[in-house]
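Student: Below are the sequence and a predicted model for it; my questions follow.
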Amino acid sequence: MHKLRLKFSKKGPIKFIGHLDVMRYFQKAIRRADIDIKYSEGFSPHQLLSFAQPLSVGATSDGEYLDMVVNSFTSEKDIMDRLNSVCNEGITIRAVRELDEKEEKAMTLSFAAKYEVRMRQSSQLPAGWTDDFMRFLSRDKLPAMKKTKSGEKEIDMKPMIFDCRPLTDGDGVELILSMNSKETLKVSLLFQYFFESCGLDFSPVYLNINRADIYRLFTDPDGRRYIEPFIPANDDERFYLDG
Amino acid sequence: MNYKLALSDETLLSIEKPERYIGNEVNAVYKDKDKVDIRFAFCFPDVYEIGMSHLGIQILYGLFNSYPDVWCERVYSPWIDMDRLMRGQNIPLFALESQDKVRDFDFLGFTLQYEMCYTNILQVLDLSGIPLFSRERTWDDPLVIGGGPCSYNPEPIADFFDIFYIGEGETRYRELFDLYKDLKESGISRDEFLRRVSGIPGMYVPSLYDVKYKEDGTILSMEPKFSDVPKKVNKELCTDLSNEFYPTKPVVPYIKVTQDRVVLEIMRGCIRGCRFCQAGQLYKPLREKSLEYLEKIAIESLKNTGYEEISLSSLSSSDYSKLPELLDFLIDKCNEKKVNISLPSLRIDAFSLDVMSKVQDVKKSSLTFAPEAGTQRMRDVINKGLTEEDILRGSRQAFLGGWNKVKLYFMLGLPGETDSDILGIGDIANKIAKEYFETVPREKRGGRTVEIVASTSFFVPKPFTPFQWAPMNSKEEFLDKANKTRKGIMSQLNQKHIRYNWHEADATMMEGIFARGDRRLSDVILAAYKKGCIFDAWSEYFKFDTWMEVFSEAGIDPFFYTTRERDDDEIFPWDIINCGVAREFLLREYKSALTGKPSANCRQRCLGCGATSYGVGVCMEEKSGA
Ligand code: SF4
């Protein structure tokens, strides 16, 4: 029995496919790729498969993660090649890594996510909005009402924003937001308040979102907290949290 | 794949289920449009989830795309929200793969699976910007062609179609495409082209026929306008299914659809000859596919789709002669790959129960019987060879095997039905419950008890069946019969264990009108569409009152088509078509029905229906003589 973690991107029309259907998509892809996945016991066995975090419908991604348990496999690369040969719909496996047997699920470990946010045509934001946005984020507090299971509660969004900078091409921003079991900040909630501060109508469909990666939390030998993608593409993707 | 979508992100995110309109599913076929000669848009005129579940489209989609010069794409009815949006913003209907406008295609094909989709055909034409009537179209419009079961009496929608394809689609489309390639650029008129099409076997071009009516409204004659147009159109049929194309790479939808599994068609046709059943006559004679072929197809399809379930498909799978071998093979392969097997339409007996217990969770699944009528007398009338003893024996064996749920299907409004036939429904349901209590002692029930669901639908006489002459019940009669059925069930000792469902009578009446309708109904369908009728197959959108209004405005009596008994020699609108089964045979069967005389099945004795002229399948087998 081996635990594997896969990093994949989701681009093109498949961005309109919701989380549950993406799961069903992978279940079928794994069968097509003839991967020796492990099944649960019982009368209707299911594949041992879990995703880090759902991605909202309409958003693309460069860094989604899924964990699976296999009975056997030849190599990480073989798993990647097999899956990529049967996925032509905008899903690309970017990396596969075997995990320690005791590793917890990506779902439990995820701590933050990086997003690139641009505006779709329908949004009324004037050009140069990123400056306004940076100014908005520099407020001491960013109070918001967040929907919960039992109604609404007031939160402060500010400590859930780890980083924000304009994209180099100037028409959007890159954000690192908290995404874990304690607190999760949705891009759309943040922008709802930003639009409000500009006196503009807001709808989530205005936002063109790409999730760049999902991060987990580490502490270095000096006791400083940093985050890093589950499977980094480069060596220097460490991001220190406390400045 | 194709990243360029016809709709904006904003539009797609503002509607229900954008997945219906984006294509790009697994195994969807993409081609370079500059390298093909023929663009074919294939439409199932209902919502995506229904249309995607249909095997026929998958077969022809795969076959057409296997031709290098053809690119076949899919189109479904935009759902109500999308329909509104497209009209509001003048967005033309597009095909899923290329996302190109349907109007720019060479062909627009419709599969006609049920009568209640007729207004959706108009929706698709309308949203595409294609003139609704064949006579108004030019070479700038696609050729509009229909096929499938309703094309065996296409007269109510004849004016909207350029061509109907009668029979199994595998055989003659290539000829049609070649003719089109030869002639399209030759300067020939569209009408002239259609006349040439009528020379291809199986192609019915309705505009080439004149229909004359008698004073009583029945047909006087239906004659070709030209001498080179055939007087009758013969059904097309595959003679060697084991060497025929089968789609082992069907398109796999992202979202859950009605039929979410590999469908393995094991044979076509049926030996049984139930007198109410249209499919049983249309697809005669029974032709089986070879075991080796099916094994190969099953493995390939599972491999290419990744589906976790496979289902056998046929009209009566128990009649497949190598069923035990096929199931052994599938159970073996599927266990290995953790694939479920679903087995619809099996006759309940020791063999099928044994198989079912291997592939299903007995506690969750139910047994299905379709006695169709409540008494043996009535079952003889309809030639349904299932006796009460069969049902009770099957139930007993199943109860011993751990089943406790039973589903029963009946029809109300069958020819010659009496109150005792109706009350027989409650009676048989009660006997099954009694069987349970006698078979399974209390201590073995494990806290469970028997659950029986009896469902009735209302009988609609269909063309090319022995009952094509028979009167259909009125809505009032139907509802009265459903009421009697309910009371009959309520009066049973075990009524607490029996649930009863019945179909809507209004929709059934419409189905009855169109099933045996004629050309004069085109105007009614158009008028209903103009008044907002669409998705009539969906009870929440079906507007019965609007339909009735339209009939009365058009001065057409709907009962002319339903409750009237036809004379033996009446000319039917569908007589233009030869489905391979002789009219004399059907009439003979109708007379036998009226005297309550059952007939043999095709394996026992040939009844001389006429299908033997195809020279294939069960017609060529030795008979058991029973
Ligand atoms: S010709 Fe005879 S065997 Fe063939 S389908 Fe008809 S009744 Fe059956």
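Tutor: Received, thanks.
Student: For the top strand by length along chain A, name the packing helices and strands.
Tutor: For chain A, the strand with the greatest residue count under DSSP state E is strand A:207-219. Applying 3 or more C-beta pairs under 8 Å, 6 or more residues apart in numbering or on different chains; DSSP states H and E, we find strand A:207-219 packed against strand A:60-70, helix A:106-109, strand A:110-119, strand A:172-178, helix A:187-197, strand A:225-229. Placement of C-beta: from N, CA and C, glycine included.
Student: Tell me which residue in the stretch 101-250 of chain B sits closest to the ligand.
Tutor: Here the stretch 101-250 of chain B gets closest to the ligand at one residue, B:L237, 11.5 Å apart by C-beta to the nearest ligand atom.
Student: how many neighbours does that residue have?
Tutor: For B:L237, the count of nearby residues is 23 (other C-beta atoms under 10 Å in any protein chain shown).
Student: thought it was touching B:E168?
Tutor: Yes: B:L237 is in contact with B:E168 according to C-beta atoms under 8 Å; the separation is 5.4 Å.
Student: Now do the contacts for the residue sitting furthest away from the middle of chain A.
Tutor: Centroid-distance maximum for chain A: A:F43 at 33.5 Å, with C-alpha atoms, centre = their mean. By C-beta atoms under 8 Å, 6 or more residues apart in numbering or on different chains, A:F43 lies in contact with B:D361.
Student: one more time with 10 Å, if that's ok
Tutor: Counting by C-beta atoms under 10 Å, 6 or more residues apart in numbering or on different chains, A:F43 touches B:360-364.
Student: From what I see, the residue of the stretch 101-250 of chain B closest to the ligand and B:V581 are in contact.
Tutor: No: assessed by C-beta atoms under 10 Å, B:L237 is found out of contact with B:V581, at 11.8 Å.
Student: Point me to the residue of the stretch 251-400 of chain B nearest chain A.
Tutor: B:G306 (3.1 Å; C-beta to the nearest C-beta).
Student: which non-adjacent residue is nearest that residue?
Tutor: Residue nearest to B:G306 in three dimensions, not counting chain neighbours: A:K28, with 3.1 Å by C-beta to C-beta, 6 or more residues apart in numbering or on different chains.
Student: Then A:Y25?
Tutor: Of all residues not flanking A:Y25 in the chain, B:Y254 sits nearest, at 6.2 Å (C-beta to C-beta, 6+ apart).
Student: now B:Q492
Tutor: B:N430 (3.9 Å).
Student: Assign the one you found to helix, strand or coil.
Tutor: Following DSSP: H, G, I helix; E, B strand; the rest coil, we place B:N430 in the helix state.
Student: Domain-wise, how is chain A divided?
Tutor: Using automatic domain parsing, the domains assigned to chain A come out as A:2-103, A:109-240.
Student: Tell me the residues on the stretch 151-300 of chain B that lie near the ligand, please.
Tutor: B:284-285 (C-beta under 6 Å from any ligand atom).
Student: Find the closest residue to the ligand in the stretch 151-300 of chain B.
Tutor: Closest residue of the stretch 151-300 of chain B to the ligand, C-beta to the nearest ligand atom: B:P285 (3.7 Å).
Student: Count the neighbours of that residue for me.
Tutor: A total of 26 residues lie near B:P285 under the criterion other C-beta under 10 Å.
Student: quick one: contacts for it?
Tutor: Counting by C-beta under 10 Å, 6+ apart, B:P285 touches B:237, B:268-271, B:580-581, B:602, B:606, B:609-621.
Student: Filter those down to the ones in strands?
Tutor: Counting by DSSP E, the part of the contacts of B:P285 found in strands is B:R268.
Student: Give me the buried subset of the contacts of B:P285.
Tutor: B:237, B:268-271, B:580-581, B:602, B:606, B:609-612, B:614, B:616-619 (16 or more other C-beta atoms under 10 Å in any protein chain shown).
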